[in-house]
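Enquirer: prediction below, plus the sequence it came from.
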Amino acid sequence: MLDFPQKTRELHNHHFDSTIWNDLQFRDDDIVIATYGKSGTTWMQQILGQLIFNGAEGLDVAEMSPWLDLRVPPKEVKLPIVEAQTHRRFLKTHLPVDALVFSPKAKYIYIGRDGRDVVWSLYNHHSNANESWYEALNDTPGRVGPPIGKPPESIQQYFHDWLEQDGYPFWSIWENVKSWWEIQHLPNVLLVHYAQLKQDLPGQIRRIAEFLNISIDEEKWDAIVEHCSFDYMKQHAAQSVPLGGTLWKGGAKTFIHQGINGRWRDTLSPEESQRYEQIAREKLGEDCAYWLATGEFSN
């Protein structure tokens, strides 16, 4: 008898309203994409859209695959839209496992990425947010806790604040990653890593398809792989990004930024990097920290 996780708490802040999961009517073939954030979420949404719709052009995956626990629009608006979907649903979450309602029949794909790479991507996301972004998160009724403010000019300071204040001004990466790592043994959970997507995208797409019991149409295979490439997504960014990128300076192409790992190496000192690695090992344990940094499972 498998021991599936149970919801033990709610998470609320300027972004989250985890209570929406309490009211979702799961379907047996639902797919849930989970990440801490800035770890390849949009990339995975594109991959799933291509697998489900067999390499189709022009898919508005941001609309098809809503971030369920984002508190705007409110669940009273969002849930009926999700219920009305007739395709195989692929929903997005940034919650740790214990703040979700977990369905034994749904499939869960968790994407990991080195936290230093996450911060560099997060800084681009945050520093390019426009006033509409702040208004939506801070001024929409229902916010719990303090508003989110503007980031410092220094990305190094941003990294230190994030590392030393457990994910500030967002949420803890450690509890998020660890919660998913601890349930990787379940048959309906798949761990994917950003570095592996970069290294072998076709192989990872086939791995994901097998996990989801999706048969690949080989005549459409080249189109599927092309449509999941970073260049293609950048060129069609408005279809991949929430609200077409209207909440960021420069639009959707700002949201889909560079997709490059290791940019932190030019900024962080060896001591700063070692401090991150030390905290990662303390919070996650050796095996999980190694996977998060490399995408590889230690022996």
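Expert: The structure has been received and is ready for your questions.

Enquirer: hang on, isn't M44 packed against V32?
Expert: No - with contact defined as C-beta atoms under 8 Å, M44 does not reach V32; the gap is 10.6 Å. Heads up, the C-betas are built off the backbone N, CA and C, glycines and all.

Enquirer: okay, and the common contacts of these two?
Expert: Contact criterion C-beta atoms under 8 Å, 6 or more residues apart in numbering; residues shared by M44 and V32: I109.

Enquirer: would you mind listing the buried residues in the helix or strand L137 falls within?
Expert: L137 belongs to helix 131-139 when elements are defined using DSSP states H and E. When burial is assessed from 16 or more other C-beta atoms under 10 Å, helix 131-139 yields the following buried residues: W133, Y134, A136, L137.

Enquirer: and the pLDDT for the nearest residue to H12 once chain neighbours are set aside?
Expert: Taking C-beta to C-beta, 6 or more residues apart in numbering as the measure, H12 lies nearest to V144, with 3.6 Å between them; neighbours along the chain are not counted. Note on V144: pLDDT of 97.

Enquirer: for V144, the count of nearby residues, please.
Expert: For V144, the number of neighbouring residues by other C-beta atoms under 10 Å comes to 12.

Enquirer: hang on, the earlier thing: more neighbours, M44 and V32?
Expert: When neighbours are counted by other C-beta under 10 Å, M44 and V32 differ, and M44 comes out ahead with 27 against 24.

Enquirer: contacts only, for that one.
Expert: Residues near M44 by C-beta under 8 Å, 6+ apart: I33, T35, I109, I111, V192, I208.

Enquirer: farthest-apart pair in those, please.
Expert: Of all pairs drawn from those, the one with the largest separation by C-beta to C-beta is T35 and I208; the distance is 14.2 Å.
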